[in-house]
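Asks: compute the structure for the input listed below.
(one chain, ligands or ions: 1)
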Amino acid sequence: SQAERGGYPHFMLKEIMEQPDVWSDALLGRVQNQRVVWREMGLPASVAETVRRIRIVAAGTAYHAGLVGKMLIERLARIPVEVEVASEFRYSTPIFEPGTLVMAISQSGETADTLASVRLAHELGVPTYAVVNQVGSTLARESDYVVYTHAGPEIAVASTKAYTTQLLVLTLLALGLADLKGRGRPDLVQHLLSLPHIGQTLLGQLESVRQMAESLSLKRDVFYIGRGLDYALAMEGQLKIKEIAYIHAEAYAAGELKHGTLALIEDGTPVVAIVTERDVAEKTISNILEVKARGAEAWGILDRQITGDIPVDHQIVIDTPDPLLAPAIAALPLQLLAYWTAVFRGEDVDKPRNLAKSVTVE
Ligand code: G6P
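Replies: Numbers count the residues shown, from 1 in each chain. Got it, this is the predicted structure:
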């Protein structure tokens with residue numbers, strides 16, 4: 001009913017709009033005196049201190065959160081991380097070096113492939129840690145250690161708030177691990193607390209996403225490009241479009257475009273460029289010029305700090321306190337773009353064809 005949807009026409013929109021509040025829940029009690037409260041992370045310090053390598057396993061949107069997690073953990077804590085889709089990992093013959101931690105990320109905690117991956121790690125005597133939303137789920141019970149994302153129930157099949165809370169918990173984890181290694185970043189920990197407010201402000205300013213969506217709803221293909229964290233975000237952005245708007249979408253590492261995908265850019269092909277990684281912004285901007293030169297319609301999701309002439313046809317400007325904290329913020333316009341595009345196409349937003357909220361059988 002309308003009441004269950006909090007007055008919104010769809011659960012997805014409700015879940016997008018409640019993200020700032022949910023982010024506060026995910027951060028609650030986990031930050032104190034500019035430090036991550038490590039005991040809240042569910043992984044004993046005695047275990048964390050022995051971790052030399054992390055293998056993340058997950059499916060779908062949770063896999064995309066894992067890609068962001070890898071970059072944050074590697075950059076902040078300097079621990080090498082690999083991310084694999086669970087359906088591949090479970091049938092692989094993983095080589096576990098001493099000091100490996102298997103980390104499973106899942107909203108439902110019931111995804112068959114993710115559970116099988118954790119069971120495989122168990123059999124091989126490797127400790128397992130779950131980043132999960134659903135309290136008391138099978139994954140939470142079967143993993144050695146667990147941290148909850150506290151997103152609350154997510155009803156729409158396309159994941160939104162579960163994803164961004166995964167991003168926040170992975171950021172806390174990266175910052176906490178960094179602290180344990182004497183590489184703490186009190187500045188970033190402090191900035192984390194400002195994300196709910198920044199998200200709230202941004203959500204009130206995204207009317208222009210509707211215009212982009214109206215145009216996108218008439219297209220056949222769309223490409224998402226970015227570098228680093230923006231590439232990981234691009235992958236989640238394209239998944240949302242496929243899932244609910246049924247438009248062919250692809251994410252590309254911006255620098256890899258010229259090795260093939262550039263051939264597909266025609267007059268009017270939309271390209272969504274995400275540019276929050278300040279250090280490589282110039283590189284991505286030159287990639288935007290390349291697609292523009294082939295006739296693309298370029299839409300930018302741009303960090304306000306990136307200035308200069310950015311050759312996009314439409315832009316959404318976001319504020320982020322630091323590029324490492326940009327993903328959850330930049331996810332908001334990407335989610336709304338998918339949402340509005342599906343609405344303009346008249347699709348069943350909350351229950352897309354052929355998809356299930358959680359895939360509990362193979
Ligand atoms: C399904 C859902 C996705 C989700 C994936 C993993 O495919 O439709 O939205 O990302 O499963 O689910 P999990 O519950 O493990 O995060």
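
Asks: which non-adjacent residue is nearest the residue in the stretch 201-350 of the chain that the ligand sits nearest to?
Replies: Nearest residue of the stretch 201-350 of the chain to the ligand, counting by C-beta to the nearest ligand atom: E243, 7.1 Å away. Every C-beta, even on glycine, is put in place using the N, C-alpha and C of the backbone. Nearest non-adjacent residue to E243, counting by C-beta to C-beta, 6 or more residues apart in numbering: A158, 4.8 Å away.

Asks: give the contact list for the one you found.
Replies: By C-beta atoms under 8 Å, 6 or more residues apart in numbering, the contact list for A158 reads M12, T61, K240, E243, I244, A338, V349, P352.

Asks: once you drop chain neighbours, what's closest to the first one?
Replies: To tie it back to what came earlier, the one meant is M12. M12 sits nearest to A156 (C-beta to C-beta, 6+ apart), 3.7 Å away.

Asks: could you do the second one as well?
Replies: In space, not counting the residues next to it along the chain, T61 is nearest to S159; the distance is 4.1 Å by C-beta to C-beta, 6+ apart.

Asks: specify the local secondary structure of that neighbour.
Replies: coil (DSSP: H, G, I helix; E, B strand; the rest coil).

Asks: and it, what does it touch?
Replies: Per C-beta under 8 Å, 6+ apart, neighbours of S159: G60, T61, A62, Q107.

Asks: what number of residues lie near the residue nearest to R52 when sequence neighbours are not counted?
Replies: Closest residue to R52 apart from its sequence neighbours, by C-beta to C-beta, 6+ apart: G99 at 3.2 Å. Residues within reach of G99, counting by other C-beta atoms under 10 Å, total 14.

Asks: could you do K351 as well?
Replies: 17.

Asks: so who does the nearest residue to it once chain neighbours are set aside touch?
Replies: Distances taken as C-beta to C-beta, 6+ apart place V157 nearest to K351, at 6.1 Å, with adjacent residues excluded. Listed by C-beta under 8 Å, 6+ apart, the contact partners of V157 are E243, I244, D350, K351, P352, L355, A356, K357.

Asks: now, of these, which are buried?
Replies: E243, I244, D350, K351, P352, K357 (16 or more other C-beta atoms under 10 Å).

Asks: for E110, which residues are in contact?
Replies: Residues counted as contacts of E110 (C-beta under 8 Å, 6+ apart) are Q134, S137, T138, L139, S358, T360.

Asks: among those, who's most crowded?
Replies: Greatest neighbour count in those, by other C-beta under 10 Å, goes to L139: 25 neighbours.

Asks: and the host helix or strand of it, average pLDDT?
Replies: For L139, the host element (DSSP states H and E) is helix 138-142. Mean pLDDT, helix 138-142: 98.
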